[in-house]
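Q: fold the following and give me the result.
(chains A, B, C and D)
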There are 4 protein chains.
Amino acid sequence: MWLIGARGSVATTVIAGCAAVAAGLHPPTGMVTETAPFDDVPLPPLSALVFGGHDTTSYPLPKRAEELAAGGVLPYGLPRAVRAELAAADEAVRPGGPLPGDDRDDRELVTAFTADLRAFLRTHALDRAVVVNVASTEPAAGDERAPADDRLPASSLYAHAALRAGCSYVNFTPSTGMHHPLLQQMAVCSGLPYAGRDGKTGQTLLRSVLAPMFARRALSVRAWSGTNLLGGGDGATLTDPAAAAAKNAGKARVLADNLGAAPPGEVHIDNVPALGDWKTAWDHVAFEGFLGNRMILQTVWQGCDSALAAPLVLDLARLTAAAHAAGISGPLTPLGFYFKDPDGGPAALADQYAELLAFTHDLRTRR
Amino acid sequence: MWLIGARGSVATTVIAGCAAVAAGLHPPTGMVTETAPFDDVPLPPLSALVFGGHDTTSYPLPKRAEELAAGGVLPYGLPRAVRAELAAADEAVRPGGPLPGDDRDDRELVTAFTADLRAFLRTHALDRAVVVNVASTEPAAGDERAPADDRLPASSLYAHAALRAGCSYVNFTPSTGMHHPLLQQMAVCSGLPYAGRDGKTGQTLLRSVLAPMFARRALSVRAWSGTNLLGGGDGATLTDPAAAAAKNAGKARVLADNLGAAPPGEVHIDNVPALGDWKTAWDHVAFEGFLGNRMILQTVWQGCDSALAAPLVLDLARLTAAAHAAGISGPLTPLGFYFKDPDGGPAALADQYAELLAFTHDLRTRR
Amino acid sequence: MWLIGARGSVATTVIAGCAAVAAGLHPPTGMVTETAPFDDVPLPPLSALVFGGHDTTSYPLPKRAEELAAGGVLPYGLPRAVRAELAAADEAVRPGGPLPGDDRDDRELVTAFTADLRAFLRTHALDRAVVVNVASTEPAAGDERAPADDRLPASSLYAHAALRAGCSYVNFTPSTGMHHPLLQQMAVCSGLPYAGRDGKTGQTLLRSVLAPMFARRALSVRAWSGTNLLGGGDGATLTDPAAAAAKNAGKARVLADNLGAAPPGEVHIDNVPALGDWKTAWDHVAFEGFLGNRMILQTVWQGCDSALAAPLVLDLARLTAAAHAAGISGPLTPLGFYFKDPDGGPAALADQYAELLAFTHDLRTRR
Amino acid sequence: MWLIGARGSVATTVIAGCAAVAAGLHPPTGMVTETAPFDDVPLPPLSALVFGGHDTTSYPLPKRAEELAAGGVLPYGLPRAVRAELAAADEAVRPGGPLPGDDRDDRELVTAFTADLRAFLRTHALDRAVVVNVASTEPAAGDERAPADDRLPASSLYAHAALRAGCSYVNFTPSTGMHHPLLQQMAVCSGLPYAGRDGKTGQTLLRSVLAPMFARRALSVRAWSGTNLLGGGDGATLTDPAAAAAKNAGKARVLADNLGAAPPGEVHIDNVPALGDWKTAWDHVAFEGFLGNRMILQTVWQGCDSALAAPLVLDLARLTAAAHAAGISGPLTPLGFYFKDPDGGPAALADQYAELLAFTHDLRTRR
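A: I've put the predicted structure just below:
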């Protein structure tokens, strides 16, 4: 597993958590691939996973883990218990890019990233690797199909390197990644599977079960408003309106796909450093019932994004690796269960879950 | 359509609303049977429905409707617009029972109710009638299988009369109704369809989509607590702990069925007369994510119970009438979508909806 | 009482409500001047109040009242009960300005408004009138002291006319009104009392008791975030970022004045037409307790702005009229209890209430 | 400072926190006595405080502190930083009573407790000690004036011992303590100051600012409902309906005292072990504004009870010690700011704060 943003909160939680669960220190709560319906699916075992990745920071993983434990994201004592695994992964992290003042062009960066990936595969004698983007959200371009200048966004450079190194790819962020038009042809020809984008961890997860509820009960949603408060690096990144716009596109899509049209209502993302790695999402749904009767549903979701994301990242890496092993290629539509902005498939969580189960049946069959 | 509790808030909203929608004064918001997937299902049209029922009060329906409009339950002006339909239904209401000081025994009451039903069918030259219980919740017996004395609860007397008059039956309340052991054999032999029980309108509706969300995402629900505040007649009835217990059984069942076991957590039902016909339900779900991370979801549902119930009552009456016409008998398991405490079937709303659609396919085929 | 915005929701509620309370149809809920501590204060009785005003619309007050009743703002049946009073007030409304395409300059407008006020005083043989601004919020100028061109904002034209006609003045909105630098000298010389600005009706009212609670308990507020959802005319007006900025300045001031410095956190104002005249305000306060322990308070306020504002407008008009009668002039600092952005005085609601009571003592003494 | 319940969560936080703040490791957030208005009040400095107490458990304070840090109540690393102070206090804890199977009668217990207190004063050569009850809530007796049998509740035994040893006394819990009729005469004659009862830390603190807001604005509270979810030892204790009743009496009193009469509405206290030492309180206030308009305020308070209580306990001990030093005796009415169920004084928090400031003026003067 090769993590883009390998020293961030999500990646640290993925690596520490994988070690902790593999060692039996914690149950695999939040990992869908560890529930009963996945019993016979030919997934790589947690204990077989090896971690590396790219990052633009050199702050070491064991230190980052200590900070996360002090902030209540990781359990007290866990960083010490899995220090060896964190140190091993940290050693396998290579410098990302472009760094500030970097004078390498896109081609040079892709070449360097590809070489890093190939070295990782070789060093650990791996059958395959999955590249997973868990880096900070990039600003949304005015239009993805026509980049402002002739540079690719960083997320697409990493995706390009994955294709060149023969690795499957998962985009857990709203960044462009494999969705860049210059990569489309190459992705198709590569014969590799890929999945995305933007992990559905909190407010949008809720919306993907609540919106179908209103639709199926023929209740008319008049307005769906939301405010997100979040600290941590994600909070800071999303104060950039362009990054927030990328994030919000996915949230709005879930409503539009489930309700037929996006209802009125804004979504705010506020950076509240005091919340640390925690996130609060308030949703206010004004809906109309029989004879125009006005009613309201409000939800408040208080979660820790890294802890919500990490088990899904492990799920996705395992499922994508299994798809690769089974010779499946192209966009993994049946993984829409995990994403705000999936590559097609149904919009309601229950239907997405059914597709996921059908996919696991497929994996079992192809074994 | 024969309503038990024919002069209550729900029945008044059903009758006024049916007239308003049939006349094109309001869209059929909240009626699932008026959505696209039900287009070709052979259901009785709203304009063909005729209303009567039993009630123990003589307070006339047009006056009740005026009160509901003053309280914001019905739209301003609607009672006047559908006064004729309300008056007609009011004339078809017969005294229920047992009344205070009533010296009729169960047999006499059932005979009287049966005669009322037969007269209704005859007077209006109806093909069939659906008896729908929308009366106040009865106290839960210590044990339904062994009534304290040899009297049946009132809800079961009406159900008995429905069977004797050859009418199908829907129990929208948690009261015993057709679930009484003395009626089981007769219900089976009657060849009639029946459905129940306890309409899923608010907090439990929410729970039936949220609980599957936690289950499917392998998040561990540690406690699910709830408080309901409601005024109106329902609020007063449910201050009786026995009635509240009946109500809560359904709520708990939804969690247990979806999560494998009922999580810790209490449900309170408070009578708050200041809320009138409005209801507020607060839910607090403490759940655990990856590595034991503690997170919280809270929901606040503010709805008008009569307005939530009425379109479902119309749906159920139409679907049950169609089942009767199609020769379907016994418990209508595919209507679990509508109930807190259904006669079998799946527990998640999405799966219940799929069953409902399959049922409509069945109705189309049998036509 | 002369209302600027005399045909809007607030004014309609003021006029209908004053008539209803004077006639004993409703208790004076929400009117502080009708509580025990105000018993002997020489205030004009409600039955003695006469209404007129300016508005740029000609939509008649009785019709507006019917709409408010249909939307649940006014009680069912009230518009009919006070139709005579509404019609009388409607007849006393004069066209405001500048109207679209109006070619009158500021001087002509002020002259016209002054003449309207004088005619009102004369026609009804009034001792005095209070001009109260309850019109839609104006966009905040870049800087109030230096208007973009040489035109005054409309709210200041009305304030100017009040001074010229010898009328006291209350600004219930965040608009400039009497706060324009060109009016300062005239206001001082006029010997008239005036009060403002921006009525404290909901979220800010709450903040003015919660912020002192945190301060007095030495709890450290780390972030105070808020979202307001509102429909009606106010919602539409406040989608203009300049108008919203004017509104938010008052909200932020309450926190800064009570906590020593404004904590981080944004305030959003969203127009949600589906909410009609109702407003929902969600506040999220992240605070720190002993040893850095992180805690959270959330509040949800669901109110009807017109119903919250109207009794305060009546209070303010009566208190300002009494001040005028008692020969008090200049800014009425002791009325800070009513305003988001008062002319000095304490910031905590309890202290503002104490000042208000002291003021009534003053009024009693001067009688 | 002599703590009844000296090894519980609150006491552990008091002892660890006092050491941390005295050493400059943390600011004194939440301690009112460390704010500017208390600058010249002759209070004992934190660094001069010495801790001891009674408890029925022997689980050592340093271990308890480790647990609290693992649960996020104390900061990561603090237990180690103040281990010496915790160990010293732990050594000064004496066995409380009556223990299960204890065959000592009330007189023997009081004698033992008094001897413990005298030894503490002597050993540490203290001028005076304040006994503070922070033990688990006792069941409310049917009637405090007439104990069921001739035994005193444990809290009153400790209060009795305090009087005999010449120590002032603070009751931070709703238990009987000094309020027992058999202690009244002795308390009066003792010449000692005492204060109580039931620390106002969360939901009731909020109510003590919100209820005055409604009262001062003449808004009519129609119903005030609340649900408390809490884990920890307190959650378990309060599942005892008698203990919960004791707790709720204080909460209701705040509303009755501020609103003139207690509004309808229930308060539930649910034990939710999954919440650990954290507490969530939901309040729902249905209120009526002008012309009967129905509005709603909801609050959600999420706090850590030990962290909320500890700084207030330190405040109370210092203020009571200062009162003792100044020769003040009897119930300390001006400390009502801290209590749900104070010995007289005003009910609104702002007025209680004013009384507290006046009291500090008194302490300064008497110096």
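Q: make it CA atoms for all contacts and neighbour counts henceforth
A: Will do.
Q: export stretch A:104-114 to CSV, keeping only CA atoms.
A: The C-alpha coordinates for stretch A:104-114 follow below in CSV (Å, rounded to 0.1, in the frame of the first residue of the first chain):
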residue,chain,number,x,y,z
ARG,A,104,11.4,19.7,-11.9
ASP,A,105,8.8,19.6,-14.6
ASP,A,106,5.9,17.2,-14.7
ARG,A,107,7.7,14.6,-16.7
GLU,A,108,10.6,14.6,-14.2
LEU,A,109,8.3,14.4,-11.2
VAL,A,110,6.3,11.5,-12.7
THR,A,111,9.6,9.7,-13.5
ALA,A,112,10.8,10.1,-10.0
PHE,A,113,7.5,8.9,-8.4
THR,A,114,7.4,5.9,-10.8
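Q: which residues does the residue nearest to A:Phe113 when sequence neighbours are not counted contact?
A: Distances taken as C-alpha to C-alpha, 6 or more residues apart in numbering or on different chains put A:Ala161 closest to A:Phe113, at 5.8 Å, once the chain neighbours are dropped. A:Ala161 makes contact with A:110-111, A:113-114, A:117 under the criterion C-alpha atoms under 8 Å, 6 or more residues apart in numbering or on different chains.
Q: do the same with A:Ala246
A: A:Ala246 sits in contact with A:138-140, A:174-175, where contact means C-alpha under 8 Å, 6+ apart.
Q: what comes up buried for the lengthiest helix in chain A?
A: Scanning chain A for the helix with the most residues, using DSSP state H, yields helix A:305-325. Within helix A:305-325, the residues that count as buried by 16 or more other C-alpha atoms under 10 Å in any protein chain shown are A:305-325.
Q: of these, list those near chain B.
A: Applying C-alpha under 8 Å from any C-alpha of the partner chain to these, one finds that A:307-308, A:310-311 fall near chain B.
Q: circling back to that earlier point, so which of the contacts of A:Ala246 is the most crowded?
A: Counting neighbours by other C-alpha atoms under 10 Å in any protein chain shown, the top entry in those is A:Pro174, with 30 neighbours.
Q: that one and B:Pro153: what is the separation?
A: Separation of A:Pro174 from B:Pro153 (C-alpha to C-alpha, to the nearest Å): 59 Å.
Q: so who does A:Gln352 touch?
A: A:Gln352 sits in contact with A:334-337, A:345-346, where contact means C-alpha under 8 Å, 6+ apart.
Q: ok, of the residues you listed, which one's closest to chain B?
A: Chain B lies nearest to A:Phe337 out of the contacts of A:Gln352, by C-alpha to the nearest C-alpha, at 9.5 Å.
Q: which non-adjacent residue is nearest the closest one?
A: In this structure, A:Phe337 finds its nearest non-sequential neighbour in A:Gln352, 4.8 Å apart by C-alpha to C-alpha, 6+ apart.
Q: three-state assignment of the one you found?
A: For A:Gln352, the secondary-structure state derived from DSSP: H, G, I helix; E, B strand; the rest coil is helix.
Q: same question for the one 4 residues further on.
A: In terms of secondary structure, A:Leu356 is helix; the call rests on three-state DSSP.
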